[in-house]
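Colleague: prediction below, plus the sequence it came from.
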Amino acid sequence: MMNIFKTIFLPLALIGIIFQPSLGFKIGEEKRAEQIIQAYMDANGLDIKPGTKEYKIFMRDIFWGEYPNLTNVNSEFLAGPTELDYVVSYAWKHSGYKDSYSRHSASGVEIEEAISLPDQSVAKELAVMTSPSDGRAQAISYAYQWSTSGNANRNPVYPDFGVDDCTNFVSQAMKAGGFLEVGSGDGCKYENTNTEWYVEPNPSPSIFCLGDDRYWEWSTSWSVPDPFRYYFAYENSYAISHGWTTSATTAKYYLSPGDVVQMQYDDNGTWVGFHTMIVTDEDSADLYMTYHSNAGGFDEVDKPLSSITLQPHWRFVLVEIKYPWTVFLPLVLSSGGTQGNAAQASNPYPAPAEYREIQQVNPYPAP
């Protein structure tokens, strides 16, 4: 069960109501935190070296509660809440985040109140207004075009994964937003990878390549929630993973139309992603989500995030997408949660094989 520390302290630490150069815990406390984390790694067979990219990701995951067996106040690795504080402080310091935030007492302060401060709201609004990319609008346009609430609308130039089509659909929207495919298949269906992102036809599959979708090849980062997030936010700088929340109001503070919300559940101490959605609209109070594979496998268009019920041990993961420059014209949002009109949209989006990363080749023959 999520403990009080994670539900109250962690969001306030991220919001950072008061800034200071460091978290300011003593050297002895830092050493103790390092010993605890090393003991946890030894017990779980983890060999992650300090200072590496993998170590920074590990620290971020600790801070966001991805390892509840370590950060729970009843953890066998901790002597009590004080040592938990040491571990979280250490993880934040070594996470690689540009800013460090001070810790505060959460007594009488709710996260919804903290994020409504005028200066923070203005900062977010300004960031959206000054975005250089029209790709964000193009991704939203694509999402509207290829989803029909209460039905199943699929682009025929991509595979259809039926009731598991959510991340496949969001990847298509990301591609419409200007991201280039990277990588290629090996002859049979999916490739388990976080370092490539692609989907392509497989017109002549091997006789050993059986089952549904054998005429397609794709990376798991294209079709599976967690590899998708790792490809965009960790393997590349295409997104910022802001961590998790159970509050739609908190999500509203961090995300804008064109960004992505994923859902995770706690599987015996491991948080597993199971659903991916794209934000297609917003108003002053809520974000509106569009996604495939709702109940019965049907699409959902502009569903308020606040209306999505989180079961016990479920949570939202917030992914801010950093769209590349494009030449498309922007889409004017309704700014009120109204459903997009896909019937009026054309199909300017390329098929999988038409939009890939250009490989560098030597155009000149050898002497």
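Modeller: On my side now, so go ahead.
Colleague: contacts, neighbours, all on C-alpha from now
Modeller: Noted.
Colleague: can you tell me the closest non-neighbouring residue to Tyr198?
Modeller: Nearest residue to Tyr198, sequence neighbours excluded (Cα to Cα, 6 or more residues apart in numbering): Glu181, at 4.9 Å.
Colleague: counting neighbours, what do you get for that neighbour?
Modeller: Burial of Glu181 is recorded as 22 neighbouring residues (other Cα atoms under 10 Å).
Colleague: and what of Asp286?
Modeller: 21.
Colleague: quick one, what contacts it?
Modeller: Residues in contact with Asp286, defined by Cα atoms under 8 Å, 6 or more residues apart in numbering, are Ala248, Thr249, Lys252, Pro304, Leu305, Ser306.
Colleague: so which strand or helix has Phe228?
Modeller: Taking DSSP states H and E as the criterion, Phe228 maps to helix 225-229.
Colleague: contacts for that helix next, please.
Modeller: Residues from elsewhere that reach helix 225-229, judged by Cα under 8 Å, 6+ apart: 167, 193-194, 220-222, 241, 262, 272-276, 319.
Colleague: 7 Å instead?
Modeller: Residues from elsewhere that reach helix 225-229 (Cα atoms under 7 Å, 6 or more residues apart in numbering): Thr167, Asn194, Thr220, Ser221, Trp222, Gln262, Gly273, Phe274, His275, Thr276.
Colleague: just put those residues in a markdown table and tack on neighbour count and pLDDT.
Modeller: As requested, these are exported to a markdown table (neighbours: other Cα atoms under 10 Å; pLDDT from 0 to 100):
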| residue | neighbour count | pLDDT |
| --- | --- | --- |
| Thr167 | 28 | 97 |
| Asn194 | 21 | 89 |
| Thr220 | 25 | 94 |
| Ser221 | 27 | 96 |
| Trp222 | 27 | 97 |
| Gln262 | 21 | 96 |
| Gly273 | 21 | 92 |
| Phe274 | 15 | 92 |
| His275 | 22 | 95 |
| Thr276 | 30 | 97 |
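Colleague: strands - which of the residues you listed land there?
Modeller: Counting by DSSP state E, the contacts of helix 225-229 place Gln262, Gly273, Phe274, His275, Thr276 in strands.
Colleague: now do the helices in the stretch 101-250 of the chain.
Modeller: Taking DSSP state H, counting those that start in this stretch as the test, the helices found in the stretch 101-250 of the chain are 111-114, 118-129, 135-145, 166-176, 220-223, 225-229, 248-254.
Colleague: got CSV for these, with distance to Gly28 too?
Modeller: Putting the helices of the stretch 101-250 of the chain into CSV (distance: least, Cα to Cα, whole Å) gives the following:
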stretch, distance to Gly28
helix 111-114, 31
helix 118-129, 35
helix 135-145, 47
helix 166-176, 45
helix 220-223, 41
helix 225-229, 35
helix 248-254, 35
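Colleague: for Pro324, find the nearest of those helices.
Modeller: helix 135-145 (6.6 Å; Cα to Cα).
Colleague: what angle sits between the closest one and helix 166-176?
Modeller: Helix 135-145 and helix 166-176 are oriented at 130 degrees to each other (axes from the mean of the first three to the mean of the last three Cα atoms, to 10 degrees).
Colleague: list the buried residues of helix 135-145.
Modeller: Buried residues in helix 135-145, counted by 16 or more other Cα atoms under 10 Å: Gly135, Arg136, Ala137, Gln138, Ala139, Ile140, Ser141, Tyr142, Ala143, Tyr144, Gln145.
Colleague: check which helices and strands that helix is in contact with.
Modeller: Counting contacts by 3 or more Cα pairs under 7 Å, 6 or more residues apart in numbering; DSSP states H and E, helix 135-145 is packed against helix 166-176.
Colleague: show me what the helix it packs on is packed against.
Modeller: Counting by 3+ Cα pairs under 7 Å, 6+ apart, helix 166-176 packs on helix 135-145, helix 220-223, strand 270-282.
Colleague: now do that helix: distance to the chain's middle.
Modeller: Relative to its chain's centre, helix 166-176 lies at 13 Å (Cα atoms, centre = their mean, to the nearest Å).
Colleague: okay, the angle between that helix and strand 270-282?
Modeller: Per the same axes, to 10 degrees, the angle that helix 166-176 makes with strand 270-282 is 50 degrees.
Colleague: now what about helix 166-176, what contacts it?
Modeller: So helix 166-176 is contacted by 138-139, 142-143, 222-225, 275-278, 291-293, 349 (Cα under 7 Å, 6+ apart).
Colleague: ok, Gly183 touching Thr195?
Modeller: No. Using Cα atoms under 7 Å, Gly183 makes no contact with Thr195, being 8.4 Å away.
Colleague: how far away is Trp222 from Tyr86?
Modeller: According to Cα to Cα, to the nearest Å, Trp222 stands 37 Å off from Tyr86.
Colleague: show me where the stretch 51-200 of the chain has its strands.
Modeller: Secondary structure of the stretch 51-200 of the chain by DSSP state E, counting those that start in this stretch: the strands cover 189-191, 199-201.
Colleague: outline the domain layout of this structure.
Modeller: Annotated domains of the chain cover 10-102, 120-354 [automatic domain parsing].
Colleague: so who does the residue nearest to Glu66 when sequence neighbours are not counted touch?
Modeller: Once flanking residues are discounted, Glu66 sits nearest to Trp271: 6.2 Å by Cα to Cα, 6+ apart. Applying Cα under 7 Å, 6+ apart, we find Trp271 in contact with Glu66, Gln264, Tyr265.
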